[in-house]
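A.B. asks: Next input, structure requested:
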Amino acid sequence: MLYDIGFVAIALLSPVLVLIAYRQGVKDRVQQDKGQQLQPFFNVPKSSKPSKADTMMQTLLDNINAYDGTGQGQKDVSK
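C.D. replies: Here you go, the predicted structure:
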């Protein structure tokens, strides 16, 4: 039963995704012919400054990269 529902969902969703991709391709080609810059499909907002979680994660990654078996070169990660 669940297999049948999944199969029907995929069977209905696939042609819709193909049409969306075709439509985006046509839009991109028209913009390319006009010499315009291509517009992104998804508009992801860019943050002007990194959040506290981003800086903490970057510090953790820097600590991992600097690890040599001792505590030298490790930075404090505060909450």
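
A.B. asks: ok, and the closest non-adjacent residue to K75?
C.D. replies: With sequence-adjacent residues excluded and distances taken as CB to CB, 6 or more residues apart in numbering, K75 is closest to T59, at 5.3 Å. Heads up, the C-betas are built off the backbone N, CA and C, glycines and all.

A.B. asks: List of residues touching the host helix or strand of that neighbour?
C.D. replies: For T59, the enclosing helix or strand under DSSP states H and E is helix 52-66. Taking contacts as CB atoms under 8 Å, 6 or more residues apart in numbering, the residues outside helix 52-66 that touch it are 50, 73-75, 77, 79.

A.B. asks: May I have it as PDB, with CA atoms only?
C.D. replies: Coordinates of each C-alpha in helix 52-66 appear next as PDB, following Å, rounded to 0.1, in the frame of the first residue of the first chain:
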ATOM      1  CA  LYS A  52      27.400  34.000  16.800                       C
ATOM      2  CA  ALA A  53      26.800  30.400  15.900                       C
ATOM      3  CA  ASP A  54      28.800  30.900  12.700                       C
ATOM      4  CA  THR A  55      31.800  32.300  14.500                       C
ATOM      5  CA  MET A  56      31.600  29.500  17.100                       C
ATOM      6  CA  MET A  57      31.500  26.900  14.400                       C
ATOM      7  CA  GLN A  58      34.500  28.500  12.600                       C
ATOM      8  CA  THR A  59      36.500  28.600  15.800                       C
ATOM      9  CA  LEU A  60      35.700  24.900  16.300                       C
ATOM     10  CA  LEU A  61      36.900  24.100  12.800                       C
ATOM     11  CA  ASP A  62      40.000  26.100  13.300                       C
ATOM     12  CA  ASN A  63      40.700  24.200  16.500                       C
ATOM     13  CA  ILE A  64      40.300  20.900  14.700                       C
ATOM     14  CA  ASN A  65      42.700  22.000  12.000                       C
ATOM     15  CA  ALA A  66      45.300  23.300  14.500                       C
END
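
A.B. asks: Quick one: distance of it to the chain centre.
C.D. replies: Taking CA atoms, centre = their mean, to the nearest Å, one finds helix 52-66 lying 20 Å from the centre of the chain it belongs to.

A.B. asks: again with stretch 15-22
C.D. replies: Distance, stretch centre to chain centre, for stretch 15-22: 20 Å (CA atoms, centre = their mean).
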